[in-house]
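[1] sequence and predicted model, in that order:
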Amino acid sequence: MGKKILDSKILYVVLSVLISLSLWLWVTSRDENWEGRNFPSLPVNFSGLEMLEDRDLMIVNSSVTATIRVRANPRILAILQDAPPKLNASVSHISTEGKYPVNYTVELPSGVSLNDVEITYGAGGSAVTVEVARSLSRKVEIRGEFQGTAAEGYLAGDKDDFRFDPVELTVSGRADLVNQVSHARVIVTGEELTESVDEALPFQLIGASGDPLDLDVSCDVDTIYTSFPIRATAEVPLVIRVIEGGGLKQSDVKIHPSADSILVAGSREAVDALLNEGGIPLATIDLAALDDEAVENGGEQTYPIPLDDRLENVSGITEVKVTFRVTKRVETRIFEVSSRISAANEPEGWDANIITQVLPVRVRGPKALLDELTEENIQVVADLKGITPTGGQYYTVPAEVYLHNVGTATDVGVVGPKGYTVVVSLAQEE
């Protein structure tokens, strides 16, 4: 009997301990044993931003934060220490510019409910102030500026020679800030440059005053691919070619161009190729083609300057006036050739019949040599090369005029030698 009582006392002790422990755990889990902890500067996550964008609006102070104080038991606070609460707010209801109080809600991590905590807000309660402004995206011009130097013998381009990709810059942000941007500026630097610039470069936003701006706006690219020419230069002669003939040689004519050379710029290869050619062919003066007026009184002709598309005419001279004067005393006489007209290059199996009986030939030279010249010294040869023969048909063919036994080709010559023709007919050989 006594043992049973003893056993009962032990049971009561155990039960008392268990009950006390349960009561202690229950009591310590209640408010009077909770601890408080501040969660400062929690970012507020905004929803409904797409609706603001549709209304051409934006939040100016997008980095909005709030501080809350949470009371909970140590176990809950330990969870929140690793996974702090999140603050969420919606701005979908805002439709105009201005400052607005916006309520936020507290999102607790998984496994923690609002019943497990007590949240205390700051002086503003569960609301923060957001500033909404008009938003704008607009394209602005890109301009280049060269602040380097080109090496000797090279020429840097000017502001119009810049090429950009993209060709325009899109600036986005608050409308009042975006509207301050006049253009974007890319600066090319470098010393003693001999190669064109082709690379991605940073840029500056420039205001109407021409000064750089430091604005809280965004751009659609971080760098701009820029091309800027650095070109080789050379002074290139303008070449006037003289074809001797008609009783005149090059030394018999004084030629005066208004410009002897021009400065060109381009790639090193293009400039060197032009120099290797000896210059720019400007004009060809055929002395045999000069008429009597030009021989007597001289002449004047204006010629455009031809230039490869790869080269730039830095001098800006686009045409040259060329004057000439014949210093040799010569005369022009007409000789009627009749007996010395023949044909060459007759088609196989065909005979040529010269229809032209008399051909006036103009010959120029010194009076003494012309006095010695007779029809016997002049030969006309009709060239039938390339004719498709047909019996009974007449052909007007070019004719070459040859002078024999009087002076040299530059002492006495035919005037306009390429302008003579002869009429022939063809008959099949018998």
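    Looks like it arrived, so ask away. Residues are numbered from 1 along each chain as shown.

[2] from here on, contacts and neighbour counts on C-alpha atoms
    Noted.

[3] how about the residue positioned nearest the centre of the chain, nearest residue that isn't a chain neighbour?
    The centroid of the chain falls nearest to residue 163 when counting by Cα atoms, centre = their mean (3.5 Å). With Cα to Cα, 6 or more residues apart in numbering as the measure, residue 227 is the residue that lies nearest to residue 163, at 5.1 Å, once sequence neighbours are left out.

[4] what's the answer for residue 157, then?
    Closest residue to residue 157 in three dimensions, ignoring its sequence neighbours and counting by Cα to Cα, 6+ apart: residue 229, at 5.4 Å.

[5] one step back: return the per-residue confidence for the residue nearest to residue 163.
    At residue 227, the predicted lDDT confidence score is 97.

[6] so who does it touch?
    With Cα atoms under 8 Å, 6 or more residues apart in numbering as the criterion, the residues that contact residue 227 are 162, 163, 164, 196, 197, 198, 199.

[7] show me where this protein has its helices.
    Counting by DSSP state H, the chain forms helices over residues 2-28, 49-54, 74-82, 175-178, 268-276, 292-297, 367-372, given from the N-terminal end onward.

[8] mean pLDDT lowest where, among those?
    Comparing those on mean pLDDT, the least confident stretch is helix 2-28, scoring a mean of 57.

[9] so what's the residue count around the residue nearest to residue 131 when sequence neighbours are not counted?
    Counting by Cα to Cα, 6+ apart, residue 99 is the residue found nearest to residue 131 once chain neighbours are left out, at 4.3 Å. Other residues within reach of residue 99 by the criterion other Cα atoms under 10 Å amount to 14.

[10] residue 99 and residue 61 touch, don't they?
    No. Because the distance of 10.0 Å does not satisfy Cα atoms under 8 Å, residue 99 is recorded as not touching residue 61.

[11] test for you: state the pLDDT assigned to the residue nearest to the centre of the chain.
    Model confidence at residue 163, given as pLDDT, is 97.

[12] residues touching it, list them.
    Residue 163 makes contact with 226, 227, 228, according to Cα under 8 Å, 6+ apart.

[13] worst-scoring helix or strand of the protein, pLDDT-wise?
    Between all helices and strands in the chain, the lowest mean by mean pLDDT, DSSP states H and E belongs to helix 2-28, at a mean of 57.

[14] re the thing from before, can I get the contacts of residue 227 in CSV with distance to residue 65?
    Below are those laid out as CSV (distance: Cα to Cα, whole Å):
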residue, distance to residue 65
162, 46
163, 45
164, 41
196, 51
197, 47
198, 45
199, 42
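
[15] tell me what the nearest residue in space to residue 279 that is not next to it in sequence is bridged to.
    By the measure of Cα to Cα, 6+ apart, the closest residue to residue 279 outside its immediate chain neighbours is residue 237, 4.9 Å from it. With beta bridges defined as DSSP bridges, residue 237 has these partners: residue 261.

[16] ok, now which ones touch the residue lying closest to residue 158 once chain neighbours are set aside?
    Spatial nearest neighbour of residue 158, chain neighbours left out: residue 146 (7.8 Å); criterion: Cα to Cα, 6+ apart. Taking Cα under 8 Å, 6+ apart as the contact definition, residue 146 lies against 158, 159, 187, 188, 189.

[17] among the residues you listed, which ones are in strands?
    Cross-referencing the contacts of residue 146 with the strands (criterion: DSSP state E) gives 187, 188 as the overlap.

[18] and of the contacts of residue 146, the nearest to residue 372?
    residue 158 (65.8 Å; Cα to Cα).

[19] for the closest one, give its distance to residue 267.
    When Cα to Cα, to the nearest Å is the yardstick, residue 158 and residue 267 sit 16 Å from each other.

[20] more crowded one of the two?
    A count of neighbours by other Cα under 10 Å puts residue 267 above the other of residue 158 and residue 267, at 20 against 13.

[21] for the more buried one, report the pLDDT, please.
    Per-residue confidence for residue 267 comes out at a pLDDT of 92.

[22] hang on, it packs against residue 196?
    No. The pair formed by residue 267 and residue 196 falls short of the contact definition of Cα under 8 Å, at 9.2 Å.

[23] so what sits against both of these two?
    Common neighbours of residue 267 and residue 196, counting by Cα under 8 Å, 6+ apart, are residue 231.

[24] state the number of residues packed around residue 360.
    Using other Cα under 10 Å, the number of residues around residue 360 comes to 12.

[25] contact partners for it?
    Residue 360 makes contacts with 334, 335, 336, 337, as judged by Cα under 8 Å, 6+ apart.

[26] from those, pick the one nearest residue 309.
    residue 334 (46.7 Å).

[27] okay, now the closest one: neighbour count?
    Residue 334 is surrounded by 13 other residues when neighbours are defined as other Cα under 10 Å.

[28] please name the residues that touch it.
    The neighbourhood of residue 334, defined by Cα under 8 Å, 6+ apart, consists of 360, 361, 362, 363.

[29] same thing with residue 294?
    Residue 294 makes contact with residue 325, according to Cα under 8 Å, 6+ apart.

[30] try residue 56
    Residues touching residue 56, when contacts are defined by Cα under 8 Å, 6+ apart, comprise 134, 135, 136.

[31] so what pLDDT did the residue lying closest to residue 171 once chain neighbours are set aside get?
    In space, and not counting its chain neighbours, residue 171 is closest to residue 219: 4.6 Å by Cα to Cα, 6+ apart. Model confidence at residue 219, given as pLDDT, is 97.
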